[in-house]
Each structure stands twice: as structure tokens, then as C-alpha cells.
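Q: need a structure here:
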Amino acid sequence: MDPHSRKQMLIVYDSVDLHDFGNDVLAKSIRIVNGNMVDDGLSIVRQLRPDVIVCDISASSPNGLSFCERLKSDASTSHIFIILLG
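A: This next block holds a predicted model:
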């Protein structure tokens with residue numbers, strides 16, 4: 001499978017476990033982009049426009065719920081699917 005034709009997923013995390021899950025399990029079928037802080041995640045979303053975002057709701061400053069609210073209130077990112085993990 002051509003790596004550029006795969007769907008793109010952004011994982012925003014504070015946990016090493018979530019990072020490892022993305023890289024070990026999902027990377028075979030989805031192009032994974034990692035953001036280690038929510039602020040990094042927001043800039044990555046604006047640049048890459050991923051198909052799906054997985055976010056740790058306990059992520060730091062701002063928290064994952066606030067991150068989700070920002071994305072859903074912005075017309076340019078409101079269509080992106082978001083999976084929140086606790």
C-alpha cells in the first residue's frame with residue numbers, strides 16, 4: 001500500500017502508552033502523526049488536516065476536551081472525526 005494514499009491519523013497524547021499503541025498497532029494501515037502536547041496538536045491539525053484525531057482527554061494545557069471544543073467550533077476543522085480516550 002502506498003504510504004501517501006493511507007488515511008492520516010493524528011494522536012495527541014501525554015502518555016507514552018498511547019504513542020506506542022499508535023506506532024505499533026495502527027501504523028501498518030494508517031499514516032500516524034504524533035503530537036506530544038495539545039498546543040502542538042492544534043498547529044499540526046491546521047497544517048495537515050488529518051482524517052481522524054485520537055486525543056487523551058487528560059492531556060495537558062489545554063485539556064483534551066478543550067482541544068476538541070476548539071476543533072469543533074472552527075469551520076475548517078469541525079468535520080474531522082475525534083476519538084477521546086480517558
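Q: Could you give the number of residues near the closest residue to residue 56 other than its chain neighbours?
A: With sequence-adjacent residues excluded and distances taken as Cβ to Cβ, 6 or more residues apart in numbering, residue 56 is closest to residue 13, at 4.8 Å. Bear in mind the C-beta positions are built from the backbone N, C-alpha and C, glycine included. Applying other Cβ atoms under 10 Å, we find 24 residues neighbouring residue 13.
Q: So residue 13 sits against residue 57, correct?
A: No. Contact criterion Cβ atoms under 8 Å: residue 13 and residue 57 do not qualify, at 10.7 Å.
Q: Could you point out the helix or strand that follows the helix or strand of the chain with the lowest mean pLDDT?
A: Ranked by mean pLDDT, DSSP states H and E, the helix or strand of the chain with the weakest confidence is helix 16-21, at a mean of 60. Sequence-wise, the next helix or strand downstream of helix 16-21 (DSSP states H and E) is strand 31-35.
Q: Same question for whichever helix or strand comes after that next one: list its buried residues.
A: For strand 31-35, the succeeding helix or strand toward the C-terminus, using DSSP H and E, is helix 38-48. For helix 38-48, burial by neighbour count (16 or more other Cβ atoms under 10 Å) applies to 38, 41, 42, 44, 45.
Q: nearest spatial neighbour of the fourth one, skipping sequence neighbours?
A: On the basis of Cβ to Cβ, 6+ apart, the spatially nearest residue to residue 44 that is not a chain neighbour turns out to be residue 35, at 5.0 Å.
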